[in-house]
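In: Return a 3D structure for these sequence lines:
(2 chains)
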Amino acid sequence: MATAKSTSSKGASKSPSTDLLKLYRDMLLIRRFEEKAGQLYGMGLIGGFCHLYIGQEAVVVGLTAATRPGDSFITSYRDHGHMLAAGMDPKGVMAELTGRVGGYSKGKGGSMHMFSREKGFFGGHGIVAAQVPLGTGLAFGHKYREDQGVCLCFLGDGAVNQGQVYESFNMAALWKLPVIYVIENNRYGMGTSVERASASSTELHRRGDAYGIPGIAVDGMNVLEVEKAGRKWIAHAREGKGPVVLEMKTYRYRGHSMSDPAKYRTKEEVSKVRAEHDPIDTLAKLILDGKAASEDQLKEIDREVKEICTNASDFAQASPLPEAKELFTDILVGI
Amino acid sequence: MPIQILMPALSPTMTEGKLARWLKAEGDKIKSGDVLAEIETDKATMEMEAADDGILGRILVQGGSEGVKVNTPIGLILAEGEDKSALEAVAAPVAAKAPAEPVPVPVPVPAVVSPAPAAPQPQQKAYTGPTKRQTVREALRDAMAEEMRCDPNVFLMGEEVGQYQGAYKVSQGLLDEFGPKRVIDTPITEMGFAGLGVGAAFGGLRPIVEFMTFNFSMQAIDQIVNSASKTLYMSGGQQTCPIVFRGPNGAASRVAAQHSQCYASWYAHCPGMKVVAPWSGMDAKGLLKSAIRDPNPVIFLENEMMYGQSFDVPEDADFTLPIGLARIERAGGDVTITAFSRMVGVALEAAEALAKEGIEAEVINLLSLRPLDSAAIIESVKKTNRLVTVEEGWPFAGIGAEIAALVMDQAFDWLDAPVNRVTGEDVPMPYAANLEKLALPDVPKIVAAAKAVCYRGQK
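Out: Residues are numbered from 1 along each chain as shown, chains lettered A, B, ... in the order given. Down below sits the predicted model:
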């Protein structure tokens, strides 16, 4: 299994160099996985919607590094990165993308709908912002059971204008629920820029102000900044001090979904971010400059990650389609 | 072995397109993520990015080529360390592996939407233990209290369920017994607390979510249908959602259109949840206890007009009614009348009136709308050969329409008359007392319908 090679358990390692390499590896795994998914989509092996996470890797990797076992995760439909970061098997994720029986949902959920209770990953939800009350409910459960868990509830800059987000903020603040609302501000909700959709668009982290929820803007292209903010504010929520809004300033390189011709932004804009702020290149430079690892060591990680993705792709193509009888299973428990 | 670059599909429906131009030339170094070429489809021009590192060894399809089929090899990438001679090794380029063909096994689709043909099913067993006289309101409260005593994961949340003791006093006394951790007053925020409840259920708790009335559940219907009822399927059976949504449904009295609607057909339409509608105190207690124990989402439709009515209710804490079984409330051989919730009482009154005219009606209390006890209905119709359905909801795509389809499918040859539906009128509920009365099913309407299917008297 791909995840077995992780160099340390979530955030437990004391060696900074190990941590850096793990962060590098985890981000690269998402990048290569998504590129492979894009390729399979191009070959017609993945159907329907397919929302790639390329460019945003530092957000989920940095935050996951700041969590501990027993915490829960929930997000919207741009979810492959979150699953990999949560430790889900890339083979199972890729096979779900190809709609095969080896997928996490036996091929019945697809790109937007995968779950792993074992890894604390609660989806994968296709309706913009529906995951926000759901994540608030997971946090309610942590508090009810007094299990010290925290829920990381991810939403996009497009979701912040849905009413149920504020219904959730209100209850979470009222009941001091252990939830981190992570606004992944990648600047575009589908093709609408945040400036064209949101009043006070530069301050989405202040959307919880009316409820007294602390809101912090973070450089979401810098995995170390993300991890640092994560450690501080996840601890805050875990101590029973209530919810937090973390706005991650990030960027997606690819279209909203695979069939997005990207007429709403310039190529130069994308190229500039890639050239100057790429989260993986930035970390690689830091590692090499600080001599935390050699170029050869990074190349070895590249090879390992590439092999994982190739294996996931092979598995996702070899795994059979679900049997016809699966049409009528899993509708109700016990039926 | 060089890596093939294949003509990509840029949308689920694309089969071919124009390779507009190459942005890399033979011999150029390529990094994963680099834009290689521009592809034109009928909808847009899109960029094609590299998924591999290496050197663009050969261009197989030149820029400007039209009608290039998806998955045609258009170029070759040499991996690190490979030299040009490797290109010659690629004799006949092999296209991408086609996705495995669907297994040609006939899909076991039921012949109709209706449930499987009626097999003899057990009737609701008659309860013979001790009972006490109590209102439906008290029976519902006792059901919740008993289940909360048994399972610490069960909790109640909703508007005014705690300190106010319930908008209709259904949760009276629960806050005192279980405290504010388990009896939770929410803000007026239906979509929020319904979704929060679903999330809590995902996490392993067993919430009872009270809607002050089901009219307000429309604010939350996305969370009920999309999140609660579809997730088990979408997760391939992994993610369960044991939750009860309960509250008064249907017309109350003089509260007009927005507060007088029956949601039975709305929710019963959706796979992935159960929908029940009790009538008596025993129904209320037995079904609510089953609903709370059920591992699936359950919609529990109460009726405000029934809350104050008293019945003999089982006292045994182990008493439950299985979800999915109907009950014959009154036996008769001339005509079958199906009803649920408050309309069961109205149908029973109608049956008494019909008896005076020599027509013996069999009244079926449906109790569960999804799953529907089709066996009980079919068995009764095979005996009486006539069917009247009664519901407060609108006729179009209603429960009666579903039952009519069921009977046509499974008991067509036994019918001696077309099925007759008595429903709420196809109008928003009016406020004026006389108009409201006209809009709802009542004893005379049911009597007239029964006589009509028996070809007796006026209509």
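
In: what's near enough to touch B:Leu60?
Out: B:73-76, B:93 (C-beta atoms under 8 Å, 6 or more residues apart in numbering or on different chains). Any C-beta I mention is one placed from the backbone N, CA and C, and that applies to glycine too.

In: near chain A, which residues of the stretch 251-400 of chain B?
Out: B:271-274, B:295-296 (C-beta under 8 Å from any C-beta of the partner chain).

In: Let me know the closest of those to B:Ser280.
Out: Among these, B:Lys274 lies closest to B:Ser280 (C-beta to C-beta), at 19.2 Å.

In: Pairing partners for the nearest residue to the closest one once chain neighbours are set aside in the sheet, please.
Out: Using C-beta to C-beta, 6 or more residues apart in numbering or on different chains and skipping the chain neighbours, the partner closest in space to B:Lys274 is B:Val298 (4.7 Å). Bridge pairing for B:Val298 (DSSP bridges) gives the partners B:Val244, B:Lys274.

In: roughly how far apart are the residue most central in space within chain B and chain A?
Out: The centroid of chain B falls nearest to B:Cys270 when counting by C-alpha atoms, centre = their mean (2.8 Å). From B:Cys270 across to chain A, the span is 10 Å (C-beta to the nearest C-beta, to the nearest Å).

In: Over to B:Asp142?
Out: Distance from B:Asp142 to chain A, by C-beta to the nearest C-beta: 23 Å.

In: What about the closest residue to that residue other than its chain neighbours, how many residues nearby?
Out: Nearest residue to B:Asp142, sequence neighbours excluded (C-beta to C-beta, 6+ apart): B:Lys285, at 6.2 Å. Here the number of neighbours of B:Lys285 (other C-beta atoms under 10 Å in any protein chain shown) works out to 28.

In: Check which helix or strand B:Lys285 maps to.
Out: Using DSSP states H and E, the element containing B:Lys285 is helix B:281-293.

In: Extract the C-alpha trace of that helix and format it as PDB.
Out: Below are the C-alpha coordinates for helix B:281-293, written out as PDB (Å, rounded to 0.1, in the frame of the first residue of the first chain):
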ATOM      1  CA  GLY B 281     -50.700   6.300  20.400                       C
ATOM      2  CA  MET B 282     -49.500   2.700  20.000                       C
ATOM      3  CA  ASP B 283     -48.400   3.500  16.400                       C
ATOM      4  CA  ALA B 284     -46.600   6.600  17.600                       C
ATOM      5  CA  LYS B 285     -44.700   4.900  20.400                       C
ATOM      6  CA  GLY B 286     -43.900   1.600  18.500                       C
ATOM      7  CA  LEU B 287     -42.800   3.200  15.300                       C
ATOM      8  CA  LEU B 288     -40.800   6.000  16.900                       C
ATOM      9  CA  LYS B 289     -38.800   3.500  18.900                       C
ATOM     10  CA  SER B 290     -38.100   1.500  15.800                       C
ATOM     11  CA  ALA B 291     -37.200   4.600  13.900                       C
ATOM     12  CA  ILE B 292     -34.600   5.600  16.600                       C
ATOM     13  CA  ARG B 293     -33.100   2.100  16.500                       C
END
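
In: So which of the contacts of B:Leu60 belong to strands?
Out: Members of these lying in strands (criterion: DSSP state E): B:73-76.

In: Now the two most distant members of those.
Out: Maximum pairwise distance in the ones in strands among the contacts of B:Leu60, criterion C-beta to C-beta, is 9.1 Å, between B:Ile74 and B:Leu76.

In: got any residues that touch both of those two?
Out: What both B:Ile74 and B:Leu76 touch, as defined by C-beta under 8 Å, 6+ apart, is the set B:5, B:60.

In: Could you report the neighbour count for the nearest residue to A:Ala262 once chain neighbours are set aside?
Out: Excluding the flanking residues, the one nearest A:Ala262 by C-beta to C-beta, 6+ apart is A:Gly255, at 5.2 Å. By the measure other C-beta under 10 Å, the count of residues near A:Gly255 is 22.

In: So A:Gly255, which state does it fall into?
Out: In three-state terms, and counting by DSSP: H, G, I helix; E, B strand; the rest coil, A:Gly255 is coil.

In: B:Glu88 is in contact with B:Leu78, correct?
Out: No. B:Leu78 is beyond contact range of B:Glu88, at 11.8 Å (criterion: C-beta atoms under 8 Å).
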